[in-house]
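# below: sequence and its predicted model.
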Amino acid sequence: MSLLELHNVDVHYGRIQAINGLSLTVDEGEIVSLIGANGAGKTTTMKTISGLLTPSAGQILFEGEDITAMPAHTRVTRGISQAPEGRGIFPGMTVAENLDMGTYGRKERKGIDDDLDRVYTLFPRLKEREKQLGGTMSGGEQQMLAIGRALMAKPRVLLLDEPSMGLAPQFIRQIFAIITEINAQGTTILLVEQNAKQALSRAHRAYVLETGQVTRTGVGRDLLADKSIIEAYLGVA
Ligand code: ATP
């Protein structure tokens, strides 16, 4: 049994079908990447897993349980936590308050304090700026804050949607190194990325999405070595 399974999922926006018969699995301990061009359906897939969108067909299983109809907030308390595309931090709240928002539904103070220490160790910049308003942080720092906030929910699976989007190269390397570290500490990760090179080299396995369907799947490094993938997603012949 995989930690997370999607079986033949369809998702519509009104009459527009964005996802068509999508199946994927994420095993405990893995980093799985989802790559694809603009509009392929990556964000739609993430929102469907986190419960912000409801499939029109198919099934989502988490730890073997059918969660297709489970509300988003219940999924968070069950262990599915998303750092959304565009970051979605609260600009008028401090860094510390933003992180506290991530503890929604948790009551064990000791566990929360331990996770705050973990986040501040992963992202020393957030500790330095804990009293600064989120909206005044740089793009890279806001991305760290979004990931940190998602970690404060103590997820079994962390959903990361385009963590490198809009970041300077030194921040991109740093964010991916931290993603690898979070995984090494035991958190399973599903990663959506336009930066296919980083996404494939960091992933255990990957799926290629085209117009709402999985067209390729395999070991991240094998896909990275595939000429057709390189041509399509890395922009070099
Ligand atoms: P990007 O990298 O550009 O974010 P993506 O792979 O994440 O792309 P989605 O945002 O999931 O793709 O979009 C998949 C399809 O669904 C696209 O055809 C898009 O135009 C359509 N779509 C997305 N959001 C909506 C919406 N709110 N209403 C109607 N159609 C939508």
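It's in.
# which regions of this structure sit below the pLDDT cut-off?
Across the chain, the ranges flagged by pLDDT under 70 are 234-237.
# go through the longest helix along it and flag the buried ones.
In the chain, taking DSSP state H as the definition, the longest helix is helix 169-184. Neighbour counts over helix 169-184 (16 or more other Cβ atoms under 10 Å) mark 171, 172, 174, 175, 176, 178, 179, 182, 183 as buried. Using the backbone N, CA and C atoms, a C-beta is placed for each residue, glycine as well.
# wait, doesn't the last one sit right on residue 190?
No - under the criterion of Cβ atoms under 8 Å, residue 183 makes no contact with residue 190, lying 10.9 Å away.
# just name the closest of the buried residues of helix 169-184 to the ligand, please.
The ligand lies nearest to residue 172 out of the buried residues of helix 169-184, by Cβ to the nearest ligand atom, at 16.0 Å.
# in what helix or strand does residue 113 lie?
Secondary structure from DSSP states H and E places residue 113 in helix 109-122.
# so what does the helix or strand just after that helix touch, helix or strand wise?
For helix 109-122, the following helix or strand on the C-terminal side (DSSP H and E) is helix 124-128. Secondary-structure packing of helix 124-128 (3 or more Cβ pairs under 8 Å, 6 or more residues apart in numbering; DSSP states H and E): helix 109-122, helix 139-151.
# rerun at 6 Å
The contact analysis (3 or more Cβ pairs under 6 Å, 6 or more residues apart in numbering; DSSP states H and E) places helix 124-128 against helix 139-151.
# wait, does whatever helix or strand comes next after the helix it packs on contact the ligand?
As assigned by DSSP H and E, the chain's next helix or strand after helix 139-151 is strand 157-161. No - Strand 157-161 stays clear of the ligand (Cβ under 6 Å from any ligand atom), getting no nearer than 7.6 Å.
# okay, strand 157-161 in CSV with CA atoms only?
Extracted C-alpha coordinates of strand 157-161, given in CSV (Å, rounded to 0.1, in the frame of the first residue of the first chain):
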residue,chain,number,x,y,z
VAL,A,157,3.1,14.1,3.0
LEU,A,158,4.2,17.6,2.1
LEU,A,159,2.9,19.0,-1.2
LEU,A,160,5.1,21.7,-2.8
ASP,A,161,3.8,23.6,-5.7
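# quick check: angle from it to helix 169-184?
160 degrees (axes from the mean of the first three to the mean of the last three Cα atoms, to 10 degrees).
# what lines up beside strand 157-161 in the sheet?
Strand pairing for strand 157-161, using DSSP bridges, gives strand 80-83 (parallel), strand 188-193 (parallel).
# outside of it, which residues touch it?
Strand 157-161 has contacts (Cβ atoms under 6 Å, 6 or more residues apart in numbering) with 3-4, 43, 46, 50, 80-85, 150, 187-192.
# now stretch 14-27
Contacts for stretch 14-27 (Cβ under 6 Å, 6+ apart): 2-11, 32, 41, 44, 190, 207, 212-213.
# swap the cut-off to 7 Å and go again
With contacts defined as Cβ atoms under 7 Å, 6 or more residues apart in numbering, stretch 14-27 is touched by 2-12, 32, 41, 44-45, 48, 157, 188, 190, 207, 212-214.
# so which of these are in strands?
With DSSP state E as the criterion, strands contain 4-12, 32, 157, 188, 190, 207, 213-214 from among the contacts of stretch 14-27.
# still on that earlier bit, which positions within the helix holding residue 113 qualify as buried?
Across helix 109-122, burial judged by 16+ other Cβ under 10 Å covers 112, 115, 116, 118, 119, 120, 122.
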